[in-house]
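Output the structure for:
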Amino acid sequence: MQLGVARAVIENALWLLPLTPYTGRIYRKSIAEAVRRIGQRDPRDVDVLALALHLGVPIWSNDGDFQNAGIDCFTTTRLLTMFFGAD
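Got it, this is the predicted structure:
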């Protein structure tokens with residue numbers, strides 16, 4: 001999907017995001033639930049899902065494994081379309 005947005009505009013927008021690093025200690029209570037939801041499909045996604053469950057936020061990923069994990073998942077195309085509209 002061509003969104004008609006210059007790469008520099010997108011990169012600048014990403015730098016403005018309020019990103020916060022988290023350690024596993026913060027979301028460890030959500031690990032078991034994340035394993036139950038996605039551990040069989042892709043164990044490498046467990047930490048991402050556990051953090052999202054802990055924070056109560058959606059995930060931004062193009063990984064299809066999150067589609068059936070019981071959490072909102074936004075692909076990059078979906079986000080860009082929401083913010084910039086479709087051509």
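
Could you use CA atoms for every contact and neighbour count after this?
Noted.

what is the rounded mean pLDDT of the helix or strand hosting residue 32?
Assigning secondary structure by DSSP states H and E places residue 32 in helix 31-38. Across helix 31-38, the average pLDDT comes to 98.

Does anything pack onto that helix? Which helices or strands?
helix 46-55 (3 or more C-alpha pairs under 8 Å, 6 or more residues apart in numbering; DSSP states H and E).

Residues contacting the helix holding residue 32, please?
With C-alpha atoms under 8 Å, 6 or more residues apart in numbering as the test, helix 31-38 has contacts from 43, 45-47, 49-50, 53, 65-66, 69-70.

and the angle for it with helix 46-55?
120 degrees (axes from the mean of the first three to the mean of the last three C-alpha atoms, to 10 degrees).

Among the contacts of helix 31-38, which one has the most neighbours?
The residue in these with the most neighbours, by other C-alpha atoms under 10 Å, is residue 49 (27 neighbours).

what's the burial count for the residue lying closest to that one once chain neighbours are set aside?
Using C-alpha to C-alpha, 6 or more residues apart in numbering and skipping residues adjacent in sequence, the residue nearest residue 49 is residue 34, 5.7 Å away. Applying other C-alpha under 10 Å, we find 24 other residues in the vicinity of residue 34.

Tell me where the model's unsure across this protein.
The chain contains residues with pLDDT under 70 at 1-3, 86-87.

Tell me which stretches of it form strands.
59-60, 73-74 (DSSP state E).

how about these, which one is nearest residue 25?
strand 59-60 (19.3 Å; C-alpha to C-alpha).

Check the offset of that closest one from the chain's centre.
2 Å (C-alpha atoms, centre = their mean, to the nearest Å).

ok, now stretch 76-87?
From the chain centre to the centre of stretch 76-87 is a distance of 15 Å (C-alpha atoms, centre = their mean).
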